[in-house]
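Chemist: Structure, please.
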Amino acid sequence: MRKTILLIGAIALLISCSTTKKLSTKKDTSAKKTELVDANTFKITEISKDKTYGLTPENPVKVGGIFEEEGPLNERRFLNALAGPNNETVSYYRAGSCCPIKTENGIGGMGMLDNYRVTWEGSKDTVSIYINMYDYGVLKAPVGFGIRKIISSPILERDNTLSALPENSKKEAKKVVNKFIKALKGKKDITPYLTKDEANYGGLFWMSSEQIADFIRPFVPSKINKSSFKYYTFDEVEQDSTVKKVAMKLRRVYNNYSILALGTLNEKRITLLLQPEGENLKIHCIDFPDVLPAKKNSKKIVQTDTLKNFGIALKIPKGFIKAEEQEGQLTYVMKGQTPRDAVIQIMYFEKRVPSNILISEWVEYITSPYRRSEYEIQYLSNGYMYRYELIDPNGGVNKGISVAIENSEHSVVIQYFGFKEAYNMHWGQIDEMMRNVKEI
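Modeler: Coordinates of the predicted model:
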C-alpha cells in the first residue's frame, strides 16, 4: 500500500554523502530539461494531439535523467503532473520494463522502456504509459489525460522554495494591510480584511473576526499619524534570525502559506500574519508585542507518556498501543489494526542533526514515490513540523505528519502515517501530540 518507514540506519545513510556507479560517462545533450513545479513534479503545459504519444512503445514519453541518476524519479515527476480528463487525481504503479529501444545513452546503444499502469477515480480502465528515461524530449500529457492543477487557487501557485506562495504575494499583502490601516484610521469595520471564520491574537487566542476587531481596539492608538511595515515570506524568515523569533512566537498559526508583516502604528509595534482565504490574502493573526492582554491561555497539556531514553515527553493518542521497541526506535499502532492503517514512530539520533535538514531530507525520502499535496510547514519551539497528503498506487489517500526536534546533543524524529479515514478519527489528538512534544 505504501512504503514502510525505515529504521534509523536508513536516515543516517540518507543524510550522509554517498556515491553510486553511473551508467556511462557520455553526456546527453539531446534536449532541454523540463522545468519543475516542485521536487517531484514536472511543469507540463500542453496536451498532446498525437494519439500514439506515450500510449504506444513506438512513441514513448522521453523524461531522461539516466546520467543524473534521476531516471526513475523523472518518470514519477512526469506521472505526478498528470490528471484525469476532468482533473481527477491519478494513481499509478510500475508494471515493469518492456520493449527494447535503440539509444545512444544506453548500454551498447540499447535500453528498455518502463511501462506504468495509470488510472483515476471513475475510470473504466487502466491505461499503459510507456516512458523512456534515457533520452530527453518535450513533455506533454497523453491524449485522454489532463494536466494536474497543483493548487486550485491562483494565490497559491508553487515555486521551488519552501514558501507556498507566489512571488507577488508580498505586494498583495501590502495592499491588504494598507486597506486595514486605512479602516483603523477611520475607525471603520476591519473585518473584511480578516479571515472570515476565525482569526488569532498573538498566536494564542482564537476568536471570530468580529470579536478580534473589538479585542484589539484598546491597543490601537486613538490617532494614527504614521504607519510602516516590512513584509517577509517563509524563506526570508528562515534567513533572518531576528524575524524568525517573531514567527516562532506565532508558531501555532504561522506556516509556509504565510506572509509576516512587521510594522509600527506611530511608535507602537504591531505584527500581522496574512494567509490565503480562497483567492485572496487575509489577515489571520494580529499581535501587539508590547501589550500584555489580561486574557490568559489556561489550557494545560498533560504529558501522558515520558520516553526517557528518547529525551522527550508527548501525549500518545487514545487507541494507540506500543507495538515494538528497539534501540533508538519506538512504534505505536492503533489497537486491533496494523501499521498499514495508522502508525506512530519515534526515532532517536545520538548525534545532533540540524532539524531543518533532518526533516526536509526525511520527508522527501518517504514521500518521493507517491503523489502528494504541497507541504505545510510549521515551526515548533525547537524544530519543525511538516504535514502532507499522499496518494498510494491503489488510489488510497494517506495523511502524514513529520516532526524533527533537536537540542545541543541529539535529535528526534516523530512520524505519524495513516489512512485518511484513520487520521480523521484521531486528528485532534494527533495534532496535540505533534504540536506539544517536549524535551525532558
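Chemist: Okay, and the beta partners of W120?
Modeler: V90 (DSSP bridges).
Chemist: how about the strands of the stretch 51-200 of the chain, start to end?
Modeler: Ranges of strands within the stretch 51-200 of the chain are 61-62, 82-83, 90-107, 110-120, 127-132, 146-147, 199-201, based on DSSP state E, counting those that start in this stretch.
Chemist: continuing past the worst-scoring helix or strand of the chain on mean pLDDT, what's the next helix or strand?
Modeler: Of the helices and strands making up the chain, the lowest-confidence element is helix 8-15, at a mean of 46, by mean pLDDT, DSSP states H and E. Next in sequence after helix 8-15, counting helices and strands by DSSP states H and E, comes strand 36-38.
Chemist: So in that sheet, which strands flank the next helix or strand after that next one, and in what orientation?
Modeler: Downstream of strand 36-38, the next assigned helix or strand under DSSP H and E is strand 41-42. Applying DSSP bridges to the sheet, strand 41-42 is found paired with strand 36-38 (antiparallel).
Chemist: average pLDDT across the partner strand?
Modeler: In this model, strand 36-38 has a mean pLDDT of 77.
Chemist: who wins for proximity to E325 among the strands of the stretch 51-200 of the chain?
Modeler: Proximity to E325 (C-beta to C-beta) singles out strand 90-107 among the strands of the stretch 51-200 of the chain, at 33.2 Å. To be clear about C-beta, it is placed using only N, CA and C from the backbone, and glycine gets the same treatment.
Chemist: Tabulate the strands of the stretch 51-200 of the chain (CSV), appending mean neighbour count and distance to K420.
Modeler: Output for the strands of the stretch 51-200 of the chain, formatted as CSV (neighbours: other C-beta atoms under 10 Å; distance: least, C-beta to C-beta, whole Å):
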stretch, mean neighbour count, distance to K420
strand 61-62, 24, 30
strand 82-83, 22, 19
strand 90-107, 16, 14
strand 110-120, 19, 17
strand 127-132, 21, 25
strand 146-147, 16, 23
strand 199-201, 23, 26
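Chemist: Any idea which of the ones you listed has the lowest pLDDT on average?
Modeler: Sorting the strands of the stretch 51-200 of the chain by mean pLDDT places strand 90-107 lowest, at a mean of 85.
Chemist: quick one: contacts of it?
Modeler: 23-24, 26, 28, 30, 57, 60, 66-67, 75, 79, 82-84, 109-120, 128-130, 132, 134-135, 145, 148, 371, 391-395 (C-beta atoms under 8 Å, 6 or more residues apart in numbering).
Chemist: low-confidence ranges in the stretch 251-400 of the chain?
Modeler: Residues of the stretch 251-400 of the chain meeting the criterion pLDDT under 70: 292-306, 309, 369, 372-374.
Chemist: Please name the nearest non-neighbouring residue to L139.
Modeler: T34 (5.0 Å; C-beta to C-beta, 6 or more residues apart in numbering).
Chemist: phi, psi of the one you found?
Modeler: Note on T34: its backbone torsions stand at phi -80, psi 140 [degrees, to the nearest 10].
Chemist: what's the answer for T264, then?
Modeler: Dihedral angles (degrees, to the nearest 10) for T264: phi -140, psi 150.
Chemist: N356 now?
Modeler: According to degrees, to the nearest 10, N356 has phi -70, psi -40.
Chemist: what's near enough to touch it?
Modeler: Per C-beta under 8 Å, 6+ apart, neighbours of N356: 238, 384, 404.
Chemist: Give me the pLDDT value at the first one.
Modeler: Right, E238. Per the predicted model, pLDDT is 89 at E238.
Chemist: Could you check how far it is from L281?
Modeler: 20 Å (C-beta to C-beta, to the nearest Å).
Chemist: Among the two, which residue is more densely surrounded?
Modeler: For E238 versus L281, neighbours defined as other C-beta atoms under 10 Å are more numerous around L281 (26 against 19).
Chemist: That one sits in which helix or strand?
Modeler: Counting by DSSP H and E, the element that carries L281 is strand 280-287.
Chemist: list the helices and strands that strand packs on?
Modeler: When contacts are defined as 3 or more C-beta pairs under 8 Å, 6 or more residues apart in numbering; DSSP states H and E, strand 280-287 sits against helix 169-185, strand 199-201, strand 268-277.
Chemist: Deepest in the core, which of those is it.
Modeler: strand 199-201 (a mean of 23; mean count of other C-beta atoms under 10 Å).
Chemist: partners of it, with directions?
Modeler: Applying DSSP bridges, strand 199-201 is found paired with strand 205-207 (antiparallel), strand 280-287 (parallel).
Chemist: looking at those strands, which is closest to F219?
Modeler: Minimum separation from F219 across those (C-beta to C-beta) falls at strand 280-287, 8.8 Å.
Chemist: hang on, the earlier thing: hang on, the residue nearest to L139 packs against T41?
Modeler: No - the criterion here is C-beta atoms under 8 Å, and T34 misses it with T41 at 10.2 Å.
Chemist: and for these two, which residues touch both?
Modeler: Common neighbours of T34 and T41, using C-beta under 8 Å, 6+ apart, do not exist here.
Chemist: Quick check: which element contains E364?
Modeler: Here E364 is assigned to helix 355-367, by DSSP H and E.
Chemist: Using PDB, write out the CA atom coordinates for that helix.
Modeler: C-alpha atoms of helix 355-367 as PDB (Å, rounded to 0.1, in the frame of the first residue of the first chain):
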ATOM      1  CA  SER A 355      16.300  19.900  12.500                       C
ATOM      2  CA  ASN A 356      15.600  21.800   9.200                       C
ATOM      3  CA  ILE A 357      18.000  19.400   7.300                       C
ATOM      4  CA  LEU A 358      16.800  16.300   9.100                       C
ATOM      5  CA  ILE A 359      13.100  17.000   8.500                       C
ATOM      6  CA  SER A 360      13.400  18.000   4.900                       C
ATOM      7  CA  GLU A 361      15.500  15.000   3.900                       C
ATOM      8  CA  TRP A 362      13.400  12.600   5.900                       C
ATOM      9  CA  VAL A 363      10.100  13.800   4.400                       C
ATOM     10  CA  GLU A 364      11.400  14.000   0.900                       C
ATOM     11  CA  TYR A 365      12.700  10.400   1.200                       C
ATOM     12  CA  ILE A 366       9.500   8.800   2.500                       C
ATOM     13  CA  THR A 367       7.100  10.700   0.200                       C
END
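Chemist: now the helices and strands packed on strand 280-287 as JSON lines including distance to I312?
Modeler: What follows is these, written out as JSON lines (distance: least, C-beta to C-beta, whole Å):
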{"stretch": "helix 169-185", "distance to I312": "35"}
{"stretch": "strand 199-201", "distance to I312": "27"}
{"stretch": "strand 268-277", "distance to I312": "28"}
